[in-house]
Every structure is written in structure tokens, then in C-alpha cells.
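Chemist: Quick one, what's the 3D model for this:
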Amino acid sequence: MAGGKSETPVSLSDRELQIIDLVAAGLTNQEIAGKLEISKRTVDNHISNILTKTETDNRVALVRWALQWGKVCLNDVNCCTLPNQNE
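Modeler: Sure, this is the predicted structure:
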């Protein structure tokens, strides 16, 4: 079925959830690296791992997955409590 292959919740670290939130906000890997003060290569690795865990093929599919599972909140749609929202 289109939209999501996985029927079970995926175990993601707080850092992975943080990166998903920044991907959903439209940041590039380089911008995410700068914001989190980590290397772009580390961000690349995190995103690769996240795509594997969520069984998604790209950033758009990842954001759709995150919205479906309540992992991100965009423009008051699908709002939820996210870790590290102290900013």
C-alpha cells in the first residue's frame, strides 16, 4: 500500500528524531550539520540510517512517514510533543 510499508513503530534515537524534524523544516544536510554542530558526513550517515529504519526511499517519503507516525508537526498539522523543543 502506498504511503507506508511498516505497520510497526520504528525505534529512533532522540538525535534521529531531531534530524527528521529539521529535514521536515526543509533544511539541507549542510544546514542541519551547522545547526547541530556536527559534520555533514555525520548527518548523511544519520539520514541513511533513518531511511533504512523507516523503509523510506527519500526525504519526501521520510517526511510523509514522520507525519503519518506523529513524529513531526508542520504548520499546526499533526502537532505532537517533540524532544528538545527548548529552542
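Chemist: Leaving out the residues flanking it, which one is nearest to Val63?
Modeler: Nearest non-adjacent residue to Val63, counting by Cβ to Cβ, 6 or more residues apart in numbering: Ala24, 4.8 Å away. For every residue, glycine as well, the C-beta is placed using N, CA and C.
Chemist: So which residue is dead centre in the protein?
Modeler: Note on the chain: the residue nearest the mean C-alpha position is Ile20, at 1.6 Å, using Cα atoms, centre = their mean.
Chemist: Now the helix or strand harbouring that residue: buried residues?
Modeler: For Ile20, the element it lies in under DSSP states H and E is helix 14-24. By neighbour count on 16 or more other Cβ atoms under 10 Å, the buried set for helix 14-24 is 16-24.
Chemist: Save those as TSV, and put in distance to Pro9 too.
Modeler: Putting those into TSV (distance: Cβ to Cβ, whole Å) gives the following:
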residue	distance to Pro9
Glu16	13
Leu17	12
Gln18	18
Ile19	18
Ile20	14
Asp21	17
Leu22	21
Val23	19
Ala24	18
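Chemist: Look up the pLDDT of Pro9 for me, please.
Modeler: The pLDDT attached to Pro9 in the predicted structure is 71.
Chemist: you'd agree Gly26 is in a strand?
Modeler: No. Under DSSP: H, G, I helix; E, B strand; the rest coil, Gly26 sits outside any strand and is assigned coil.
Chemist: pLDDT at it, what is it?
Modeler: On pLDDT, Gly26 comes in at 94.
Chemist: Can you report how many residues neighbour it?
Modeler: When counting by other Cβ atoms under 10 Å, one arrives at 10 neighbours for Gly26.
Chemist: How about the one 10 residues further on?
Modeler: Burial measure for Leu36: 16 neighbouring residues, criterion other Cβ under 10 Å.
Chemist: Asn45 now?
Modeler: Look at Asn45: counted by other Cβ under 10 Å, it has 12 neighbours.
Chemist: which residues touch Pro9?
Modeler: If a contact means Cβ atoms under 8 Å, 6 or more residues apart in numbering, then Pro9 has Trp69 as its contacts.
Chemist: Now it: which helix or strand?
Modeler: Here Pro9 is assigned to no helix or strand, by DSSP H and E.
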